[in-house]
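Engineer: Okay, predicted coordinates and the sequence, questions at the end:
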Amino acid sequence: MRGLRIGLLIVIGTSSARADDADWRAQLSAAVERAIAQNPEIAAMEAGIAAAGHRAEQSMALPDPQLDLALKDFPVKDFSLSRDDFTMEVVGVQQTFPGAGKRPARRAAAEAELAGASAMHDLHRARLSASVADTFFSLGEIDSRIAIAEESRERLRRIAASASERYRVGQGVQADVLRASLEVTAAEEKLVALRGERRRAAARWNALQALPPGDPLVAVALPASEPSMAAVGDVRHEAELRSPAMAVAAASVRRAEEDLSLARLEGRLDFTASGYYAHRIDYEDLAGLGVSFNLPFLQGKRLREKQAEKSAELSGARANLETVRNGIRSEIEEAYADLERSIEQAGLYRSSILPQAETNVLAAQEAYTVGQVDFLTYLRAALDRDAYASELAVRRAAAWRATAALQAAAGLPSLPGVPGGEASHE
């Protein structure tokens with residue numbers, strides 16, 4: 001199973017990994033660890049787990065014993081503790097003992113609740129880390145697009161300066177100068193939009209880690225390569241076996257089963273043992289022992305309805321388990337489809353589309369220089385090349401964001417920084 005977990009979603013840290021791969025892994029790992037350590041929801045869940053553990057420890061305890069203090073059979077008129085031989089100062093104790101099997105059933109139900117709380121905690125950590133990773137790769141995409149847009153703006157400025165110079169010496173037309181200036185302005189507007197988008201993503205990034213909203217964030221670089229993929233069937237099988245979401249639903253089924261068992265055990269008699277010691281002033285002291293029983297079988301309808309209630313809850317818990325399983329399968333398929341599509345598209349952009357765009361812009365530049373194509377053809381080639389470079393960054397980020405979505409769907413650690421996920425990036 002460990003070999004499957006290592007290659008579950010992504011393979012990172014191979015012998016050919018670049019220095020920037022180590023950089024992004026360290027940056028993301030630190031952010032995930034910080035989010036898990038500082039997120040208030042994590043702290044609340046850990047407190048809930050501790051509370052569930054204490055409830056489990058209480059479940060085998062007997063009901064509280066009862067101490068009775070009484071003054072019995074004293075005369076109403078002419079009060080005296082010694083005039084009547086029935087007058088007694090009584091001290092009594094009582095202890096109830098639940099019917100056979102009831103305490104172990106309560107213990108099992110409490111342990112099921114504890115298991116569910118622990119699994120929910122694991123699920124929340126995996127999904128929180130996936131949210132951090134998704135935001136990280138979103139920031140990497142935005143930073144890449146900003147860098148491309150800044151390069152594009154500078155290139156357009158040079159093109160605009162060239163068009164102005166050609167117009168000045170009579171080799172160009174004014175429309176070319178105006179169009180080049182317009183594209184420079186459009187590039188500025190695009191940069192403004194991208195920087196605003198980055199501020200929004202940075203605010204989410206800081207909120208996930210419980211950092212101040214305006215805390216500065218260094219530039220984020222996307223990984224140098226795309227993630228690799230395991231077979232979707234292996235991912236789905238591993239998720240159904242180990243997903244915390246499945247564990248939460250299974251714990252609910254177990255809790256419902258124990259509640260039903262406890263409802264069936266309610267028909268068993270509880271008994272209360274009691275004893276007393278009575279002191280009399282002028283007469284011999286007295287003592288007594290007794291045992292009393294409850295009679296639940298006299299409430300047959302209540303017992304039947306209670307069992308029917310718990311049986312219905314068990315049916316609902318089992319149906320919910322199947323719903324969770326189906327949801328995991330669906331989410332994994334969707335995330336895997338996004339991952340596969342994004343990797344294929346990034347490969348096409350990297351190996352074919354972008355090189356062709358580079359060749360096209362070089363050819364257009366040379367042809368424009370010798371007057372074989374007009375200015376707009378050259379300008380469009382340059383803009384297309386920048387647009388394709390930006391699209392490559394989007395596709396690469398989408399592939400890594402799909403790995404985060406796959407982690408959120410499966411609930412299994414696969415990204416740096418997640419507790420239990422270290423094997424995925426050894």
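Structural biologist: Alright, I've got the coordinates.
Engineer: And the helices in the stretch 101-250 of the chain?
Structural biologist: 102-168, 174-208, 232-242, 244-265 (DSSP state H, counting those that start in this stretch).
Engineer: Can you redo those helices as JSON lines, where the extra columns are distance to residue 378?
Structural biologist: C-beta here means a position set from N, CA and C on the backbone, and glycine is covered the same way. Listed next are the helices of the stretch 101-250 of the chain as JSON lines, based on distance: least, Cβ to Cβ, whole Å:
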{"stretch": "helix 102-168", "distance to residue 378": "8"}
{"stretch": "helix 174-208", "distance to residue 378": "9"}
{"stretch": "helix 232-242", "distance to residue 378": "45"}
{"stretch": "helix 244-265", "distance to residue 378": "55"}
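Engineer: Let's have those helices in JSON lines, adding mean pLDDT.
Structural biologist: Converted to JSON lines, these look like this (pLDDT from 0 to 100):
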{"stretch": "helix 102-168", "mean pLDDT": "90"}
{"stretch": "helix 174-208", "mean pLDDT": "90"}
{"stretch": "helix 232-242", "mean pLDDT": "87"}
{"stretch": "helix 244-265", "mean pLDDT": "92"}
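Engineer: Format those as JSON lines; extra columns: mean neighbour count and distance to residue 49.
Structural biologist: Shown next, in JSON lines, are the helices of the stretch 101-250 of the chain (neighbours: other Cβ atoms under 10 Å; distance: least, Cβ to Cβ, whole Å):
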{"stretch": "helix 102-168", "mean neighbour count": "20", "distance to residue 49": "5"}
{"stretch": "helix 174-208", "mean neighbour count": "16", "distance to residue 49": "21"}
{"stretch": "helix 232-242", "mean neighbour count": "17", "distance to residue 49": "19"}
{"stretch": "helix 244-265", "mean neighbour count": "21", "distance to residue 49": "12"}
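Engineer: Quick one: closest of those to residue 218.
Structural biologist: Across the helices of the stretch 101-250 of the chain, residue 218 has its closest neighbour in helix 102-168 (9.5 Å, Cβ to Cβ).
Engineer: of the helices of the stretch 101-250 of the chain, which approaches residue 387 most closely?
Structural biologist: The nearest among the helices of the stretch 101-250 of the chain, by Cβ to Cβ, is helix 102-168 at 8.8 Å.
Engineer: the inter-axis angle of that closest one versus helix 244-265?
Structural biologist: 160 degrees (axes from the mean of the first three to the mean of the last three Cα atoms, to 10 degrees).
Engineer: Packing partners of helix 102-168?
Structural biologist: When contacts are defined as 3 or more Cβ pairs under 8 Å, 6 or more residues apart in numbering; DSSP states H and E, helix 102-168 packs onto helix 19-38, helix 40-58, helix 174-208, helix 244-265, helix 375-410.
Engineer: These: which one's closest to residue 280?
Structural biologist: Using Cβ to Cβ, the helices and strands packed on helix 102-168 put helix 40-58 closest to residue 280, at 40.5 Å.
Engineer: List the neighbouring strands of whichever helix or strand comes after that closest one plus their orientation.
Structural biologist: Note on helix 40-58: by DSSP states H and E, the next helix or strand toward the C-terminus is strand 66-72. Note on strand 66-72: by DSSP bridges, its sheet partners are strand 88-97 (antiparallel).
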